[in-house]
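In: Provide a 3D model corresponding to the input given below.
(one chain, ligands or ions: 2)
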Amino acid sequence: MKVAVVIPCFNEEEVLPELFRRMTAAAEKWPCDWEIVCIDDGSRDATWPLLVAQQKRDPRWRALSFARNYGHQTAVSAGIHHASGDAVMVIDADLQDPPEEMVRFIEKWREGFEVVYAIRQKRKEGWPKKAAYWLFYRMMHRAVAFDVPHDSGDFCLMDRRVVEVLKRMPERNRFVRGLRAWAGFRQVGLTYERHARAAGEAKYDFRRLFKLARDGIFSFSTVPLGLVSYAGLWISMFAFLGIIWILATRIFSGFFSKIGFPPVQGFATIVVSVLFLGGIQLISLGIMGEYIGRIYEEVKRRPIWVIRDSAGIEPQESPE
Ligand code: UDP
Ligand code: MG
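Out: Ligands and ions are numbered 1, 2, ... in the order given. Here you go, the predicted structure:
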């Protein structure tokens, strides 16, 4: 039996020595063979030379480097694509997810679960980020037909059979935890405590997180498209009632004046309703744009990633 660990690394020179130490120490305790596949996601610091040196020291550590920065989800996908073994695990380089916990994944896997994912118990982040995560997972739950577990990240174990399903998925915008949930099989969550970064700075800024959230929803759901028609329906109904109201105040102006509603020449109402409708239309166009953009990305059929260099591992073409 053999398990592989996939580690995406982007400008992680500060944590790598600590990662090599802790990850190896944890893996030595596992009841099976192992290999580690690090993906250098176009780092501009010493990440790649450090990975190559580690491969020389311990050939169970392997590494690939991307031709440029493709993003965390693409790096994880490429790692899963290249990993061998009967199960593949994914962990971040920054040691926020403790490698010592991974033995619990292996135990659950041997009990017969094909996917074991980690659920964050407590987030050590500011409240705006926490609130955004909370909202995102609830929206995702509403919009998507299959279960995407709340507060689960990419920290997980997947059986070879699940990995083969993932490898056959050709999409460019990859939201790995969504694809993993889509695959099905027997899945189980384990709670753990997420720590602060061991060193270095977070590579996810607001823009990247927002892109991740959009990939999560728009790549797995057409509910937003339905929302647009729904909003349109309600607004037209409201407008129809408005028309009746206006006609009534004109026709029965005497009665309406008596009860305190004289006919008014309100241009403000018009401006407000035009702006409101304009806003709704822009949002609708934006939602359509999300899908059209995705169709465009997919039909171009470009490779998902391009590999520049490798150490101890044979680079493979990204899936068609
Ligand atoms: N990462 C990556 N490419 C990127 C951004 C991040 O491979 O473009 C890696 C990074 O090296 C780390 C993991 O993804 O191993 C998670 O990144 P980070 O810790 O910055 O994200 P957060 O913990 O804030 O979600
Ligand atoms: Mg992190």
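In: Does whichever residue of the stretch 201-320 of the chain sits closest to ligand 1 lie in a helix or a strand, and which?
Out: Nearest to ligand 1 in the stretch 201-320 of the chain, going by CB to the nearest ligand atom, is residue 203, at a distance of 3.3 Å. Quick note: C-beta positions are derived from backbone N, CA and C, even for glycine. Assessed by DSSP states H and E, residue 203 sits outside every helix and strand.
In: How much space separates the nearest residue to it once chain neighbours are set aside from residue 39?
Out: Excluding its sequence neighbours, the residue lying closest to residue 203 (CB to CB, 6 or more residues apart in numbering) is residue 10, at 5.0 Å. From residue 10 over to residue 39 the distance is 9 Å, taken as CB to CB, to the nearest Å.
In: hey, what's in contact with both of these two?
Out: In terms of CB atoms under 8 Å, 6 or more residues apart in numbering, residue 10 and residue 39 are both contacted by the residues residue 75.
In: between the two, who's got more neighbours?
Out: residue 39 (30 against 23; other CB atoms under 10 Å).
In: Tell me the secondary structure at the more buried one.
Out: strand (DSSP: H, G, I helix; E, B strand; the rest coil).
In: How about the contacts made by it?
Out: Listed by CB under 8 Å, 6+ apart, the contact partners of residue 39 are 6, 7, 8, 9, 63, 64, 65, 66, 75, 76, 78, 79.
In: how many neighbours does residue 265 have?
Out: Neighbour count for residue 265, taken as other CB under 10 Å: 5.
In: gap between it and residue 30?
Out: 79 Å.
In: got it, and residue 120?
Out: Residue 120 sits at a distance of 23 Å from residue 30 (criterion: CB to CB).
In: Kindly report the same for residue 57.
Out: Per CB to CB, residue 57 is found 19 Å from residue 30.
In: ok, the two, which is more surrounded?
Out: The neighbour comparison of residue 57 against residue 30 (other CB under 10 Å) goes to residue 30, with 16 against 11.
In: Let me know the secondary structure of that one.
Out: Three-state call for residue 30 (three-state DSSP): coil.
In: my read: residue 22 touches residue 97, true?
Out: No - when contacts are counted by CB atoms under 8 Å, residue 22 is not listed as touching residue 97 (11.1 Å).
In: Of those two, which one has the most company?
Out: Ranked by neighbour count (other CB under 10 Å), residue 22 and residue 97 place residue 97 first, with 22 against 16.
In: hang on, the more buried one is in a helix, isn't it?
Out: No - using three-state DSSP, the assignment for residue 97 is coil, not a helix.
In: Could you tell me which residues make contact with the nearest residue to it once chain neighbours are set aside?
Out: Nearest non-adjacent residue to residue 97, counting by CB to CB, 6+ apart: residue 155, 4.2 Å away. In this structure, residue 155 makes contact with 90, 91, 92, 97, 117, 118, 192, judged by CB under 8 Å, 6+ apart.
In: Wasn't residue 155 part of a strand?
Out: Yes - Residue 155: assigned to a strand according to three-state DSSP.
In: Show the model's pLDDT score for it.
Out: Note on residue 155: pLDDT of 91.
In: Am I right that residue 270 falls within a helix?
Out: Yes - looking at residue 270 with three-state DSSP, it is inside a helix.
In: For the stretch 1-150 of the chain, what lies in contact range of ligand 1?
Out: Contact residues (CB under 6 Å from any ligand atom) of the stretch 1-150 of the chain with ligand 1: 8-10, 12, 41, 69, 71-72, 75, 92-94, 96.
In: Let me have the residues you listed in CSV, adding secondary structure, distance to ligand 2 and pLDDT as columns.
Out: Below are these laid out as CSV (DSSP: H, G, I helix; E, B strand; the rest coil; distance: CB to the ion, whole Å; pLDDT from 0 to 100):
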residue, secondary structure, distance to ligand 2, pLDDT
8, strand, 10, 96
9, strand, 11, 95
10, coil, 10, 93
12, coil, 10, 91
41, coil, 13, 94
69, coil, 16, 92
71, coil, 14, 89
72, helix, 9, 92
75, helix, 13, 95
92, coil, 5, 92
93, coil, 8, 92
94, coil, 4, 89
96, coil, 4, 87
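In: Farthest-apart pair in the residues you listed, please.
Out: Largest separation among these by CB to CB: 69 and 96, giving 19.9 Å.
In: Can you tell me the element residue 64 falls in?
Out: If you go by DSSP H and E, residue 64 is part of strand 61-66.
In: And that strand, how far out from the chain middle?
Out: With CA atoms, centre = their mean, to the nearest Å as the basis, strand 61-66 stands 22 Å off its chain's centre.
In: tell me what the helix or strand containing residue 131 is packed against?
Out: Assigned by DSSP H and E, residue 131 belongs to helix 127-143. Here helix 127-143 touches helix 206-218, helix 223-251, going by 3 or more CB pairs under 8 Å, 6 or more residues apart in numbering; DSSP states H and E.
In: Go through those helices and pick out the most buried.
Out: Mean neighbour counts were compared across those using mean count of other CB atoms under 10 Å; the top stretch is helix 206-218, at a mean of 16.
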